[in-house]
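[1] Pasting the sequence and the predicted coordinates here, then a few questions.
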Amino acid sequence: MKFLSFLFTSSIGRKLVMGATGLFLVSFLLVHCGINACVFVNDGGETFNAAADFMSENFFIRVAEIGLFLGLLWHVFQGLYLWLTNSKKRKAKYDKASGNENSKWYSRSMGLLGTLILIFLVLHLKHFWVVSRFTDHITSGDETLFQEMIEVFENPWVVLIYVLGCISLAYHLLHGFWSAFHTLGIDHKTYTPIIKSIGTAFSIVIPLIFALMPIAMHLGWIS
Amino acid sequence: MEKVLNINLKVWRQANPEVAGRFEEYKVETSPDSSFLEMFDVLNEQLINSGQEPVAFDHDCREGICGMCSMVINGRPHGPKKAVTTCQLHMRSFNDGDTVVVEPWRADAFPVIKDLTVNRSSFDKIIASGGYISVNTGNAVDANSMLIPKDDADTAFEAATCIGCGACVSACKNASAMLFVGAKVTQLATLPQGKAEREKRVVAMVNAMDAEGFGACSNTGACAAECPKGIPLSVIATLNKEYTKAKMKGF
Ligand code: HEM
Ligand code: SF4
Ligand code: FES
């Protein structure tokens, strides 16, 4: 396994980890979004609760959940490390910076956007994951996960933070989706433009669906 | 009557690597037809005539091929024009009365020597670590004895136009040298003469790049946008691929 040490020690190795874990997180978002979109069926949460039950009872999903946390942690720590070390490579700053002339602001702000996502994630996990996994609030049958969502999103501040979290995610992915493929060494005359288009669509549609849930529940469109 | 431009310059002055630098302001009268470096020649003549120290700046060919003319002009390496070196930039790209800020390449791996000149020997060390073919390949062989697909020849040639100026590093928020190293690795790994040593080469060059204090790549694309030779960002994907493959083979 020693030959894999470059994933921790070299600049390209560290970036490979970001790309691979990033795409892994992207695949998770797709599943997560699909399950949650069941709330839009607007049947009092019946479809959604059934899907959520399936996810929490399925053995393979529970194993994948451990992988997900490890992947997220690796992405976060490696990301913060890269952000910190990269920012130290130019101690004398430019007097006049014209970054917007040559690159997009969000491609230069992945560390900041990631940190905003992380802050949102802590709150989000506290709201739903901790409640459904470490209390008997849901399992005892007191309340369904759907009812829990309705309750949490009564608070307008929570809705605001969720929407801001989704916007951060959208910009993170607007650069990250394509960037991950490039990091993994994929650049192709035909495929790269397709990857970029799928990336842009993904970065807009998925966060939009996520953001619509708290908004719709808060405004009583779904009940 | 010939047109003249009055330019207000704000130039970085730093006596040596040890002392702190500062900006000095100068006024220069220049023809729109003069190049940016010729405008600096005029400035330096003024400074010498008035008993002051001329501005130190690097230049050699003045025709866009040596890569020496490192200046960050209004926050853009090699100035506002696309695919142009500082020496090939003309004053007609500016307006009468403009204030122009001129700074050196800024990166810890490129320490300032004096004023606008920086030490780019970190690039030399990357090349010395393996950016060449280690045996003498002899005279040019008959074109038909070693068949190279046109696409490969074009890719290698495009990468080979890198002049090693360092604008990519100076533009990157991480001061990363990936475009430069990617260009060299792509050029050599795409041609049959360079393929034999491709794994050893890419690992050695990336090790040297990291050791010299350049940052990692975030794929922002600033490097390729500012490169005077239009080296495409795709060379970085090639570098990532070459490096990963070599590592997987145990190099
Ligand atoms: C669901 C959540 C997330 C997803 C789907 C995601 C996805 C991605 C993707 C696809 C990339 C591109 C990788 C590359 O350029 O090779 C990326 C880069 C990055 N991510 Fe995330 N990410 C998430 C959360 C986070 C969090 C919580 C942080 C940290 C606090 C973070 C920090 C970063 C950083 C710093 C980079 C850029 C690394 C660089 O280019 O230097 N991400 N992310
Ligand atoms: S890649 Fe472009 S910007 Fe970088 S050193 Fe080569 S010519 Fe200069
Ligand atoms: S002086 Fe040689 S490239 Fe500008």
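    Done, it's in. Ligands and ions are numbered 1, 2, ... in the order given.
[2] wait, does the strand or helix carrying residue B:186 make contact with ligand 2?
    Using DSSP states H and E, the element containing residue B:186 is helix B:178-190. Yes. Residues of helix B:178-190 contacting ligand 2 under Cβ under 6 Å from any ligand atom: B:179-180, B:183. For every residue, glycine as well, the C-beta is placed using N, CA and C.
[3] Identify, from these, the entry nearest to residue B:37.
    Relative to residue B:37, the closest of those is residue B:180; by Cβ to Cβ it sits at 22.5 Å.
[4] Find the nearest non-adjacent residue to the closest one, please.
    residue B:168 (5.6 Å; Cβ to Cβ, 6 or more residues apart in numbering or on different chains).
[5] and if you look at residue A:13?
    Closest residue to residue A:13 apart from its sequence neighbours, by Cβ to Cβ, 6+ apart: residue A:6 at 3.8 Å.
[6] so who does the one you found touch?
    Shown in contact with residue A:6 (Cβ atoms under 8 Å, 6 or more residues apart in numbering or on different chains): A:12-13, B:247.
[7] Out of the residues you listed, which comes closest to residue B:77?
    If you rank the contacts of residue A:6 by distance to residue B:77 using Cβ to Cβ, residue A:12 comes first, at 23.4 Å.
[8] helices or strands next to the strand or helix carrying the closest one in the packing?
    Using DSSP H and E, residue A:12 sits within helix A:11-36. Packing contacts for helix A:11-36, counted by 3 or more Cβ pairs under 8 Å, 6 or more residues apart in numbering or on different chains; DSSP states H and E, involve helix A:6-9, helix A:46-57, helix A:59-86, helix A:156-183, helix A:191-218, helix B:198-211, helix B:234-248.
[9] Residue A:116: which of the ones you listed is closest?
    Counting by Cβ to Cβ, residue A:116 lies closest to helix A:156-183 out of the helices and strands packed on helix A:11-36; the figure is 4.0 Å.
[10] So the closest one, near chain B or not?
    Yes. Legend: contact between helix A:156-183 and chain B by Cβ under 8 Å from any Cβ of the partner chain is shown at A:175, A:178-179, A:182-183.
[11] returning to what we had before: least reliable of the helices and strands packed on helix A:11-36 going by mean pLDDT?
    When the helices and strands packed on helix A:11-36 are compared by mean pLDDT, helix A:46-57 comes last with a mean of 90.
[12] Distance from the chain centre to that helix, please.
    Relative to its chain's centre, helix A:46-57 lies at 21 Å (Cα atoms, centre = their mean, to the nearest Å).
[13] Stretch B:20-39 now?
    Relative to its chain's centre, stretch B:20-39 lies at 21 Å (Cα atoms, centre = their mean).
[14] same deal with stretch A:186-198?
    Taking Cα atoms, centre = their mean, the mean C-alpha location of stretch A:186-198 is offset from the chain mean by 22 Å.
[15] Equivalent analysis for stretch A:216-223, please.
    Computed by Cα atoms, centre = their mean, the separation of stretch A:216-223 from the middle of its chain amounts to 23 Å.
[16] end-to-end on it?
    By Cα to Cα, to the nearest Å, the extent of stretch A:216-223 from end to end equals 9 Å.
[17] Also stretch B:226-242?
    Stretch B:226-242 end-to-end distance (Cα to Cα) = 24 Å.
[18] thinking again about what came up before, tell me the one among the residues of helix A:156-183 next to chain B nearest to chain B.
    If you rank the residues of helix A:156-183 next to chain B by distance to chain B using Cβ to the nearest Cβ, residue A:179 comes first, at 4.2 Å.
[19] and the closest one, how many residues sit next to it?
    Residues lying near residue A:179 (other Cβ atoms under 10 Å in any protein chain shown) number 23.
[20] And what about the residue of chain A most remote from its centre, helix, strand or coil?
    Here chain A reaches farthest from its C-alpha mean at residue A:95, the gap being 35.2 Å by Cα atoms, centre = their mean. Classification of residue A:95 using DSSP: H, G, I helix; E, B strand; the rest coil returns coil.
[21] That one against residue B:11, yeah?
    No. Between residue A:95 and residue B:11 there is no contact under Cβ atoms under 8 Å: 10.7 Å.
[22] quick one: common contacting residues for the two?
    In contact with both residue A:95 and residue B:11: residue B:23, using Cβ under 8 Å, 6+ apart.
[23] residues making contact with stretch A:153-168?
    Under the criterion Cβ under 8 Å, 6+ apart, residues A:113, A:116-117, A:119-121, A:123-124, A:127, A:152, A:207-208, A:210-211, A:213-215, A:217-218 lie in contact with stretch A:153-168.
[24] Give me the helices and strands touching the helix holding residue B:186, please.
    The contact analysis (3+ Cβ pairs under 8 Å, 6+ apart) places helix B:178-190 against helix B:121-128, helix B:150-160, helix B:167-171, helix B:192-195, helix B:198-211, helix B:222-226, helix B:234-248.
[25] which of the residues in the fourth one are buried?
    Going back to what we said before, that points to helix B:192-195. For helix B:192-195, burial by neighbour count (16 or more other Cβ atoms under 10 Å in any protein chain shown) applies to residue B:194.
[26] Single out the most deeply packed of the helices and strands packed on helix B:178-190.
    Comparing those by mean neighbour count (mean count of other Cβ atoms under 10 Å in any protein chain shown), helix B:167-171 ranks first with a mean of 29.
[27] Any part of it near ligand 3?
    No. Applying Cβ under 6 Å from any ligand atom, one finds helix B:167-171 out of contact with ligand 3, separated by at least 10.5 Å.
[28] got the CA coordinates for that helix in CSV?
    This file holds the C-alpha atoms of helix B:167-171, laid out as CSV (Å, rounded to 0.1, in the frame of the first residue of the first chain):
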residue,chain,number,x,y,z
ALA,B,167,3.0,34.1,-16.2
CYS,B,168,0.9,31.0,-15.3
VAL,B,169,2.4,31.0,-11.8
SER,B,170,2.0,34.7,-11.4
ALA,B,171,-1.7,34.6,-12.4
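[29] burial measure for the closest residue to ligand 2 within chain A, as a count.
    Ligand 2 sits closest to residue A:102 of chain A, with a gap of 11.4 Å, by Cβ to the nearest ligand atom. Residue A:102: 21 surrounding residues under other Cβ under 10 Å.
[30] who touches residue B:197 in this structure?
    B:130, B:133-134, B:188.
[31] same thing but 7 Å
    Contact analysis of residue B:197 by Cβ atoms under 7 Å, 6 or more residues apart in numbering or on different chains lists B:133-134.
[32] Please apply the same query to the one 10 residues further on.
    With Cβ under 7 Å, 6+ apart as the criterion, the residues that contact residue B:207 are residue B:129.
[33] can we see that at 10 Å?
    Neighbouring residues of residue B:207 by Cβ atoms under 10 Å, 6 or more residues apart in numbering or on different chains: A:6, A:9-11, B:126, B:129-130.
[34] which of these tops the neighbour count?
    Top of the contacts of residue B:207 by neighbour count (other Cβ under 10 Å): residue B:126, with 26 neighbours.
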